[in-house]
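**Q** predicted model follows, preceded by the sequence.
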Amino acid sequence: MNSEPPEDGNAFWAQKSKLEQRYQVILDRVTPHATERWVFTGVAIFIYFLRVFIAQGWYIVTYALGIYLLNLFLAFLQPKFDPSLEMDMAADAVEEGPTLPMRSDEEFRPFVRRLPEFKFWHSATRAIVIAFGCTLFRFFDIPVFWPILLIYFCILFAITMKRQIRHMIKYRYIPFNIGKKSYGKSSFK
């Protein structure tokens with residue numbers, strides 16, 4: 001007997017695949033439009049906060065969203081390769097004596113983020129949409145005293161950013177592209 005899997009299962013996976021392809025096409029189309037993407041995310045978070053403010057609830061969901069966005073932001077600010085580990089290894093090498101670079105990549109390495117901008121935007125926007133979806137269900141509206149959560153989040157944000165800024169100053173890296181330096185007017189035409 002030749003038994004084939006039911007067509008319902010194949011239809012489900014075909015629809016799922018089709019939806020994933022459509023979603024990927026949309027992501028591919030919005031990739032080059034960074035400003036518009038971030039404006040959309042800003043509007044989405046404004047609408048989310050407006051919903052939470054008007055409904056006077058879902059503070060735990062908002063707190064979790066804030067912690068997640070802070071985690072994403074820190075990953076966005078951090079280099080992919082931790083300079084503190086590299087400097088420790090370099091310090092060990094200095095104790096053995098000075099050496100010349102052995103590979104071409106040891107001279108200059110540009111700042112590479114641990115979390116690229118597009119993935120940061122995509123994860124943040126997806127989290128905001130999921131949090132907004134959670135506000136549609138009373139199950140997620142756990143009663144809490146929201147000022148405590150707000151104070152705790154502000155303290156956590158301040159301590160974390162202070163530590164990150166110290167790390168950036170200590171290892172001399174700037175995670176933002178401020179622009180191309182110009183050293184005067186060029187006389188070349």
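**A** Looks like it arrived, so ask away. Keep in mind it's a predicted model, so treat the numbers as computed, not measured. Numbering: from 1, shown residues only.

**Q** sticking with the spatially most central residue of the chain, tell me its helix or strand.
**A** For the chain, the residue nearest the mean C-alpha position is residue 120 (2.9 Å; Cα atoms, centre = their mean). According to DSSP states H and E, residue 120 maps onto helix 117-134.

**Q** now do the helix or strand following that helix: which elements does it pack against?
**A** The element immediately downstream of helix 117-134 (helix or strand, assigned by DSSP H and E) is helix 146-170. Applying 3 or more Cβ pairs under 8 Å, 6 or more residues apart in numbering; DSSP states H and E, one finds that helix 146-170 contacts helix 59-77. Just so you know, the C-beta spots here come from the backbone N, C-alpha and C atoms, and that holds for glycine as well.

**Q** alpha carbons of the helix it packs on, in CSV - could you do that?
**A** This file holds the C-alpha atoms of helix 59-77, laid out as CSV (Å, rounded to 0.1, in the frame of the first residue of the first chain):
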residue,chain,number,x,y,z
TYR,A,59,3.0,47.8,32.9
ILE,A,60,4.8,44.5,33.2
VAL,A,61,4.6,44.1,29.4
THR,A,62,6.0,47.6,29.0
TYR,A,63,8.7,46.9,31.5
ALA,A,64,9.7,43.7,29.7
LEU,A,65,9.7,45.6,26.4
GLY,A,66,11.9,48.3,27.9
ILE,A,67,14.4,45.8,29.2
TYR,A,68,14.5,44.0,25.8
LEU,A,69,15.0,47.2,23.9
LEU,A,70,17.8,48.2,26.3
ASN,A,71,19.4,44.8,25.7
LEU,A,72,19.2,45.3,22.0
PHE,A,73,20.6,48.9,22.2
LEU,A,74,23.6,47.6,24.2
ALA,A,75,24.3,44.9,21.7
PHE,A,76,24.1,47.6,19.0
LEU,A,77,26.6,49.8,20.8
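
**Q** who touches that helix?
**A** Helix 59-77 has contacts (Cβ atoms under 8 Å, 6 or more residues apart in numbering) with 48-49, 52, 113-115, 117, 120, 123-124, 127-128, 131, 134-135, 140-142, 144, 146, 149, 153, 156-157, 160, 164, 168, 175.

**Q** over to stretch 125-133?
**A** 37, 40-41, 44-45, 47-48, 51, 58, 61-62, 64-65, 68-69, 72.

**Q** what are the buried residues along stretch 131-145?
**A** Neighbour counts over stretch 131-145 (16 or more other Cβ atoms under 10 Å) mark 131-132, 134-135, 141 as buried.

**Q** quick check: mean pLDDT across it?
**A** For stretch 131-145, the mean per-residue pLDDT is 93.

**Q** between the two ends of that stretch, how far is it?
**A** One end of stretch 131-145 to the other measures 19 Å (Cα to Cα, to the nearest Å).
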